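Asker: only geometry, no sequence info:
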């Protein structure tokens, strides 16, 4: 099992952060264009527990992969959790935490994941998967910085 954790300061109110990140419509904006992210299901303005979101991503060599995410837990203004139901990972559990601090919000992403294919998955992790996830979250960090003028 692997884990990626990223924390970012956002100079905005907790309400503004929550409004932005709890809207499934904004996910594409903070995803690298190279990922070819396309939502296929109808999504509401605000997420809710049990919401299933179907989309396609192209994480490697432009090959499209179907991904279905379920919004598992939502605690308004504090955190939400999404989990992969269909997709490339054996397990994908993504926590999004929001904490009001002096001058803004501390946002923390914690992704816990397991790759398929046993030994081959473990072999590919440092070569392909981990660098790709690092790239995606670095892009997200910069986009959030631009969006909130951090």
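Answerer: Nice, thanks for sending it over. None of these values were measured; they are calculated from a predicted model.

Asker: quick one: residue 67 from residue 8, how far?
Answerer: The spacing between residue 67 and residue 8, counted by C-beta to C-beta, to the nearest Å, is 23 Å. For glycine as for every other residue, the C-beta is placed from the backbone atoms N, C-alpha and C.

Asker: so where do the strands sit in this protein?
Answerer: Taking DSSP state E, the strands of the chain run over residues 2-10, 38-39, 52-60, 63-75, 79-86, 91-101, 104-114.

Asker: closest to residue 143 out of those strands?
Answerer: strand 2-10 (10.6 Å; C-beta to C-beta).

Asker: contact partners of the closest one?
Answerer: The contact list for strand 2-10 (C-beta atoms under 8 Å, 6 or more residues apart in numbering) reads 17, 101, 103-115, 125, 130, 133-134, 137, 140-141, 144-145, 148, 150.

Asker: what's the closest non-adjacent residue to residue 68?
Answerer: The shortest distance from residue 68 to any non-neighbouring residue, by C-beta to C-beta, 6 or more residues apart in numbering, is to residue 86 (4.0 Å).

Asker: surely the one you found and residue 66 touch.
Answerer: Yes - with contact defined as C-beta atoms under 8 Å, residue 86 counts as touching residue 66 (6.1 Å).

Asker: thought residue 99 was touching residue 75?
Answerer: No - Residue 99 is beyond contact range of residue 75, at 12.0 Å (criterion: C-beta under 8 Å).

Asker: can you list the strands of the chain in TSV and add mean pLDDT and distance to residue 21?
Answerer: Shown next, in TSV, are the strands of the chain (pLDDT from 0 to 100; distance: least, C-beta to C-beta, whole Å):
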stretch	mean pLDDT	distance to residue 21
strand 2-10	98	9
strand 38-39	95	16
strand 52-60	93	14
strand 63-75	96	11
strand 79-86	98	8
strand 91-101	98	6
strand 104-114	98	7
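
Asker: quick one: closest of those strands to residue 24.
Answerer: Across the strands of the chain, residue 24 has its closest neighbour in strand 52-60 (5.8 Å, C-beta to C-beta).

Asker: distance from the chain centre to that closest one, please.
Answerer: A distance of 11 Å separates the centroid of the chain from that of strand 52-60, by C-alpha atoms, centre = their mean, to the nearest Å.
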